[in-house]
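Q: Sequence plus predicted model, see below.
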Amino acid sequence: MYEKYELPIRFTEEQRKKYAEWGIKKGKVLMPMAAVTIGIDLLTVLWVVGRVWLIRESDPIWFQIICQNDGIGEISSTIAIILTFLILKPIDLILDKIWHRPEGTEWLEVGLTENGVTVKRTYRAGDAGTGVDNAAGRSCCGEITVFETHPLIQMDEYLDTEKNAVRFQGVWLEIGENTRENIYTPQQQKHWLDQPEGKSGSINSVQKLQKIIKGYAAALEEKEKERAWLVEQ
């Protein structure tokens, strides 16, 4: 019986500052481009309205069909969305390459088995400051996965519910998503600024993980009792 959970690691202060500086720098370039895109979208709407108005003169029946089904709005919005994507997305990707987008959220993988709790963390091979060389853990595709195992009991040794942290390789790692609210200062926060992608189904609370581990241990205990009872029959 194996269960797996993923926990996001909150940025350190150094990582947060680096990501915030990059995000603000990128936002200053994208904002003017977004304004240009909005202008193009407005011109597109006017062009669509003009073309539909010409249809009114040449084909009144089609004109009525388009107007009844809100065809003008659908056509305009579709073209505007396509143009926005074609203009902003390539610029976004180019800026990520030129300015070397910082690494996003790192993840801890917590696996539950009958033998204990296995905590895994994956590094890119050769990353500086990780304390992991190319011979540590399991290496594959330029990545190194390092893991350690803890008992199902004595969770206080590797879980800290008050600080919402997990101990890995002797270091307490704060758990939590990296969002605009905790990357940028209140004065800097804008909804268009970049933030790392999250994962659906991830766990942000160490307290919740602790409850899951306790429930898992209790289920194993019940399973063992059932197995012993069957042996006695």
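A: Looks like it arrived, so ask away.

Q: Spit out the contact partners of the most centrally placed residue in the chain.
A: Residue closest to the average C-alpha location in the chain (Cα atoms, centre = their mean): Gly198, at 1.6 Å. If a contact means Cβ atoms under 8 Å, 6 or more residues apart in numbering, then Gly198 has 8, 105, 177 as its contacts. No exception for glycine: its C-beta is placed from N, CA and C like everyone else's.

Q: So Gly201 versus Lys4, what's the distance?
A: Distance, Gly201 to Lys4, using Cβ to Cβ, to the nearest Å: 10 Å.

Q: So for these two, which residue has more residues nearby?
A: Lys4 (11 against 7; other Cβ atoms under 10 Å).

Q: Just confirm the more buried one is within a strand.
A: Yes - under DSSP: H, G, I helix; E, B strand; the rest coil, Lys4 falls within a strand.

Q: who does it bridge with?
A: Beta bridges link Lys4 to Gly111, judged by DSSP bridges.

Q: how near is it to Glu181?
A: In terms of Cβ to Cβ, Lys4 sits 28 Å off from Glu181.

Q: in the protein, what secondary structure element scores lowest on mean pLDDT?
A: Lowest on mean pLDDT, DSSP states H and E among the helices and strands of the chain sits strand 138-140, with a mean of 54.

Q: Give me the average confidence score over whichever strand or helix holds Ile79.
A: Using DSSP states H and E, the element containing Ile79 is helix 71-98. For helix 71-98, mean pLDDT is 75.

Q: Just checking the distance from it to the centre of its chain.
A: 22 Å (Cα atoms, centre = their mean, to the nearest Å).

Q: who does it touch, helix- and strand-wise?
A: helix 13-58 (3 or more Cβ pairs under 8 Å, 6 or more residues apart in numbering; DSSP states H and E).

Q: burial measure for Arg227, as a count.
A: 10.

Q: Look at it and give its secondary structure.
A: helix.

Q: what's the distance between it and Leu220?
A: Arg227 is 10 Å from Leu220, by Cβ to Cβ.

Q: go on, Leu86?
A: Distance from Leu86 to Leu220, by Cβ to Cβ: 54 Å.

Q: ok, and the closest non-adjacent residue to Leu108?
A: Leu7 (4.5 Å; Cβ to Cβ, 6 or more residues apart in numbering).

Q: circling back: which one's more surrounded, Leu86 and Leu220?
A: More crowded of Leu86 and Leu220, by other Cβ under 10 Å: Leu220, with 15 against 10.

Q: Met1 is in contact with the more buried one, correct?
A: Yes - in this structure, Leu220 is within contact of Met1 by Cβ atoms under 8 Å, at 7.5 Å.

Q: Mutual contacts of those two, please.
A: Joint contacts of Leu220 and Met1 (Cβ under 8 Å, 6+ apart) are Glu114.

Q: per-domain residue ranges of the protein.
A: Annotated domains of the chain cover 3-21+103-232, 27-98 [automatic domain parsing].

Q: Would you single out the least confident of the ones you listed?
A: domain 27-98 - the lowest mean pLDDT of the domains of the chain, at a mean of 73.

Q: Please spell out which residues along stretch 190-208 are buried.
A: 193-196, 203, 206 (16 or more other Cβ atoms under 10 Å).
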